[in-house]
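A.B. asks: quick one, fold the following:
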Amino acid sequence: MSRIGKMPIAVPAGVTVDIAENNKVTVKGPKGTLERVLPAEMEIKLEGDTVTVSRPNDLKKMKSLHGLTRTLINNMVIGVTEGYEKRLEVNGVGYRAQKSGKVLNLSLGYSHPVDMTDPEGIEVVVEGQNLIIVKGIDKEKVGQYAAEIRSKREPEPYKGKGIKYVDETIRRKVGKTGKK
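C.D. replies: Down below sits the predicted model:
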């Protein structure tokens, strides 16, 4: 039995979960609304203030979809109540981030500035010149946009310059030593 899949999802007060045909789940909460079509084989039930997910049989595909479906619904519930955020740090001499309207301007040592427009439903906040906070209610979109920002200049292992997640550690390497 899937340990994650069989856990019930508690629906907090102020959140409504609607399950339509073809397993189209809509979650409404104080921060917004999320909807997603989940695998049709899974059986999603709303009983009172808990959501349970069950699978029809024990095929390998059903087992893998069981935990996934439960986690996706749980992420939607957490997203509309608390929201998600990813923190990125810009390291390097002359590297900085600025925000003007919905455009994130990054100076990353290239000959040109890098401009990125915020996608729908994502809010980007810049604290100081080197801390970027990506916020939103959809976990997938927040993680994807944070990864796109990081990909503009990934951290390098010699000096640690680039954009990294705040909780990420970069494995450092020793540089070249001169001949004697």
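
A.B. asks: for the rest of this, base every contact and every neighbour count on C-alpha atoms.
C.D. replies: Noted.

A.B. asks: name the residues of stretch 52-69 that are buried.
C.D. replies: T52, V53, S54, R55, M62, K63, L65, H66, G67, L68, T69 (16 or more other C-alpha atoms under 10 Å).

A.B. asks: out of those, list just those in helices.
C.D. replies: Among these, DSSP state H puts M62, K63, L65, H66, G67, L68, T69 in helices.

A.B. asks: can you put those in CSV and add pLDDT and distance to L131?
C.D. replies: Converted to CSV, those look like this (pLDDT from 0 to 100; distance: C-alpha to C-alpha, whole Å):
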residue, pLDDT, distance to L131
M62, 90, 42
K63, 88, 40
L65, 91, 37
H66, 91, 37
G67, 91, 34
L68, 92, 32
T69, 92, 33
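
A.B. asks: can you tell me which of those residues is closest to A20?
C.D. replies: Nearest to A20 among those is T69, at 15.0 Å by C-alpha to C-alpha.

A.B. asks: got a list of what the closest one touches?
C.D. replies: G5, L38, P39, M42, V53 (C-alpha atoms under 8 Å, 6 or more residues apart in numbering).

A.B. asks: sorry, back to before: now render the ones in helices among the buried residues of stretch 52-69 as CSV, adding distance to G121.
C.D. replies: Conversion of these to CSV gives the following (distance: C-alpha to C-alpha, whole Å):
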residue, distance to G121
M62, 32
K63, 32
L65, 27
H66, 28
G67, 26
L68, 23
T69, 22
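
A.B. asks: need phi/psi at Q144.
C.D. replies: Backbone torsions for Q144, taken as degrees, to the nearest 10, come to phi -70, psi -40.

A.B. asks: what number of residues lie near it?
C.D. replies: Applying other C-alpha atoms under 10 Å, we find 11 residues neighbouring Q144.

A.B. asks: where does this protein dip in pLDDT?
C.D. replies: 1, 180 (pLDDT under 70).
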